[in-house]
Each structure stands twice: as C-alpha cells, then as structure tokens.
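In: Take this sequence and fold it.
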Amino acid sequence: MPTLPIYPYDAQVLREETKDIGAPSGELTQLIVDMFTTMHAAKGIGLAANQVGAGQSLFVVDLSPMEGYEDSKPLVMINPEITDMWGDDIPIEEGCLSVPNVREEILRPEMLHIRYRDANFEAQELEADAFLARVIQHEYDHLQGIFFTDYLRGFRKRLVIPVLKKIKHGEADVDYAMAVDPVLVD
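Out: Here you go, the predicted model:
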C-alpha cells in the first residue's frame with residue numbers, strides 16, 4: 001500500500017472538475033486503498049482523488065482520529081452529488097493537506113443530503129450534519145476545483161497569499177510527500 005504524493009495548492013489537476021467513474025475496477029479499489037493509506041500517513045481526515053493526481057470523482061473520509069468521532073466508520077464517496085444543504089452557516093476553522101500550514105475559519109451550511117456510490121459501487125444516500133457535513137463539503141469542493149481558501153475575502157485573503165505562493169512553488173514544510181506540478185514550476 002504505497003503512500004501517494006499530495007498535490008499542492010493550485011496544481012492544475014486540483015483546479016479541474018473531476019470526471020465521474022463509470023464502473024468498479026481493480027484500479028479503483030487500489031486507488032481507494034492508497035488514498036486511505038496516504039490520508040492516514042499525512043494525518044488527514046479527508047482526501048479527494050484529485051489531491052493525489054487522479055481526476056476522478058471520488059473522496060474518502062475517516063473522522064475516527066477526531067475526539068468524539070472515534071467510533072465513526074470510514075466513508076468512500078464515488079460520484080457524489082450534494083442534493084441539498086440547509087441550516088445555519090456555521091464558522092469552523094478548516095485546513096487542507098494540499099494547503100499545508102494554513103487554517104482559516106470558513107462559513108458552511110450545517111446540514112446536507114448527498115447521493116454517492118460506496119466502495120462496492122452500491123448507490124447510497126446520506127444526511128450529514130455537524131463536522132461530517134463540513135468535511136464532506138470541503139472534499140466535494142475539491143472535486144469541483146474549489147479550495148477552502150477561495151472563500152476568503154479582503155484582509156484575510158491578503159494574509160494567506162504569500163503562504164499560498166510558497167506552497168505553489170514547493171516550499172511547504174510538511175512531513176508527507178508533496179507532488180510537484182510541472183505547470184506551476186517555472
């Protein structure tokens with residue numbers, strides 16, 4: 001089970017909308033296993049396929065390392081579609097394996113409904129709230145080419161721009177493998 005390199009902020013593969021997966025395969029199963037291995041090694045709780053260079057509509061979530069979620073089961077969401085979001089917009093600090101060492105408070109709806117296929121390619125539906133809804137929205141955004149930092153405005157955005165530029169140029173201080181996007185390297 002290899003650990004895959006994680007693509008940095010603004011890598012081309014992260015800004016492109018992902019493609020739906022048509023059918024299960026051995027390669028898909030291996031990608032899922034490798035994504036969980038990579039996410040756990042990087043001490044993350046969510047990882048989208050495009051973060052490891054695969055332009056497929058897939059993400060994995062495992063909240064069990066978080067206090068209060070120790071009994072939660074890992075989730076695989078293939079071809080996810082958020083069909084509804086509701087409730088108050090809740091501010092919570094977010095971070096991202098592709099945007100290391102940056103944490104910012106982001107507003108997101110507190111509840112959602114999502115349709116997806118699981119690791120066995122079975123159709124599923126889920127209503128999520130609280131922290132799980134937050135993580136699903138974050139990973140779903142990745143599949144649309146959106147970063148949590150895209151929600152920042154004004155002074156908050158200006159504060160993170162120098163850090164984002166360093167990340168884009170491979171100057172992130174992390175203890176996991178970061179990919180080098182040839183498009184970003186001059």
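In: drop to CA atoms for contacts and neighbour counts, all remaining ones
Out: Noted.
In: quick one: contacts of the longest strand seen in the chain?
Out: When the chain is parsed with DSSP state E, its longest strand is strand 75-96. Strand 75-96 has contacts (Cα atoms under 8 Å, 6 or more residues apart in numbering) with 20-21, 32, 44, 57-62, 101-119, 121, 140, 148.
In: next one: stretch 165-176
Out: Here stretch 165-176 makes contact (Cα under 8 Å, 6+ apart) with 5, 8-11, 41-42, 99-101, 178, 180, 184-185.
In: Which ones among those residues lie within strands?
Out: Going by DSSP E, the strands hold 99, 100, 101 from those.
In: re the thing from before, just the buried members of the contacts of stretch 165-176?
Out: 5, 8, 9, 10, 11, 42, 99, 100, 178, 180 (16 or more other Cα atoms under 10 Å).
In: Let me have the residues you listed in a markdown table, adding pLDDT as columns.
Out: Below are those laid out as a markdown table (pLDDT from 0 to 100):
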| residue | pLDDT |
| --- | --- |
| 5 | 95 |
| 8 | 93 |
| 9 | 89 |
| 10 | 84 |
| 11 | 91 |
| 42 | 96 |
| 99 | 95 |
| 100 | 93 |
| 178 | 89 |
| 180 | 76 |
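In: wait, which of these is closest to residue 28?
Out: Distance to residue 28 across these (Cα to Cα) is lowest for residue 5, with 17.2 Å.
In: ok, that closest one - contacts?
Out: Residues near residue 5 by Cα under 8 Å, 6+ apart: 38, 52, 176, 177, 178, 179.
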